[in-house]
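>>> using only what follows, build the 3D model:
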Amino acid sequence: MSDTLYVKMSQCVEITNDYVTVGDVCQLECKNKTIVNRLKPIKLLNDDSNGKKRYLVSIMKIYEIVDKEFQNVDVQSVGETDCIIEFKKANSDIKWLEILKVTAICIILFFGAGFSIMSFNNDISIGGMFEKVCKLLTGDKNTGKTVMEVGYSLGLGLGILVFYNHFGPKKLSKDPTPIEVEMRKYETEINQALIDGHNRQDGKLDVK
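Residues are numbered from 1 along each chain as shown. Okay, here's the model as predicted:
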């Protein structure tokens with residue numbers, strides 16, 4: 001009687017070691033735990049490029065290893081058919097340098113966002129619209145800071161907080177933020193492009 005091994009391969013993994021094992025790229029499940037325990041530490045490849053290369057491991061490599069190590073094991077793939085492996089060095093940045101990077105990014109984003117908002121308001125002539133609304137409601141032209149300007153500024157800031165679902169390090173709800181959603185979509189498209197490129201033999205991935 002054969003054992004059934006369920007294999008769920010990830011689409012992309014980042015490794016900080018110099019080698020990658022079966023357990024790093026796959027989730028394994030089998031009633032016979034001996035099979036899982038023997039497969040997980042098996043090395044798939046070593047990186048000698050100092051993190052300069054990406055590698056592609058196919059599910060067929062897992063089939064090959066299982067056939068070599070065991071008899072009467074039926075492998076069922078329930079995940080991806082290809083996995084992109086990227087080796088990265090462990091983060092060893094100096095603390096003050098990390099703070100400097102974050103500060104610089106915050107300043108760039110602050111002035112960039114402010115410029116974008118001002119450009120948008122100028123394009124739609126928000127000041128002229130406020131004057132027309134003020135004249136319509138009170139009969140006088142808007143000559144300074146009124147409730148509309150204050151309300152618009154507060155509403156703009158509150159709307160940004162609600163939309164991006166963040167206030168400082170805290171999230172307002174458990175839902176992923178729009179930025180997180182777009183980043184996940186971007187990563188998925190990049191990984192799929194790399195896999196498709198490999199299938200066209202463009203040489204961007206080393207196959208193991």
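>>> isn't Lys89 right next to Lys52, touching?
No: the pair Lys89 / Lys52 is not scored as a contact, 11.0 Å apart, by Cβ atoms under 8 Å. (Glycine included, C-beta is placed from N, CA and C.)
>>> all strands for this structure, in order.
With DSSP state E, the ranges of strands along the chain come out as 3-9, 12-15, 19-21, 26-29, 43-46, 54-58, 73-77, 82-87, 166-167, 170-171, 206-207.
>>> residues of the longest one that come out buried?
By neighbour count with 16 or more other Cβ atoms under 10 Å, strand 3-9 contains the buried residues Leu5, Tyr6, Val7, Met9.
>>> any stretches of the protein with poor pLDDT?
1, 90-94, 139-146, 166-172, 199-208 (pLDDT under 70).
>>> again, only this time at 80
By pLDDT under 80, the low-scoring segments of the chain are 1-2, 48-52, 89-95, 121, 124-150, 153, 160-179, 196-208.
>>> which helix runs longest in it?
Ranked by residue count under DSSP state H, the longest helix found in the chain is helix 95-123.
>>> re the thing from before, closest to Val78 among the buried residues of strand 3-9?
Closest to Val78 out of these is Tyr6 (5.7 Å), distances taken as Cβ to Cβ.
>>> sorry, back to before: highest average neighbour count across the strands of the chain?
Most buried of those, by mean neighbour count (mean count of other Cβ atoms under 10 Å): strand 82-87, with a mean of 22.
>>> same list (the buried residues of strand 3-9) but as a markdown table, adding distance to Gln76.
A markdown table is the format used below for those (distance: Cβ to Cβ, whole Å):
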| residue | distance to Gln76 |
| --- | --- |
| Leu5 | 7 |
| Tyr6 | 5 |
| Val7 | 7 |
| Met9 | 12 |
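>>> name the nearest of these relative to Ile62.
Distances from Ile62 to those, taken by Cβ to Cβ, are shortest for Val7, at 5.8 Å.
>>> what bridges to that closest one?
Legend: beta-bridge partners of Val7 under DSSP bridges are Leu28, Ser77.
>>> for Thr81, give me its contacts.
By Cβ atoms under 8 Å, 6 or more residues apart in numbering, the residues touching Thr81 are Met9, Ser58, Ile59.
>>> can you tell me how far the second one is from Ile84?
In this case it means Ser58. 11 Å (Cβ to Cβ, to the nearest Å).
>>> repeat for the last one
Using Cβ to Cβ, one gets 13 Å for the distance from Ile59 to Ile84.
>>> same question for the first one.
Per Cβ to Cβ, Met9 is found 11 Å from Ile84.
>>> cool, and Ile99?
Separation of Ile99 from Ile84 (Cβ to Cβ) stands at 32 Å.
>>> equivalent analysis for Met148, please.
52 Å.
>>> now His198
9 Å.
>>> run a quick neighbour tally on Val133.
13 (other Cβ atoms under 10 Å).
>>> quick check: it touching Glu149?
No: using Cβ under 8 Å, Val133 is not in contact with Glu149, being 11.1 Å away.
>>> any shared contact partners between these two?
Common contact partners of Val133 and Glu149 (Cβ under 8 Å, 6+ apart): none.
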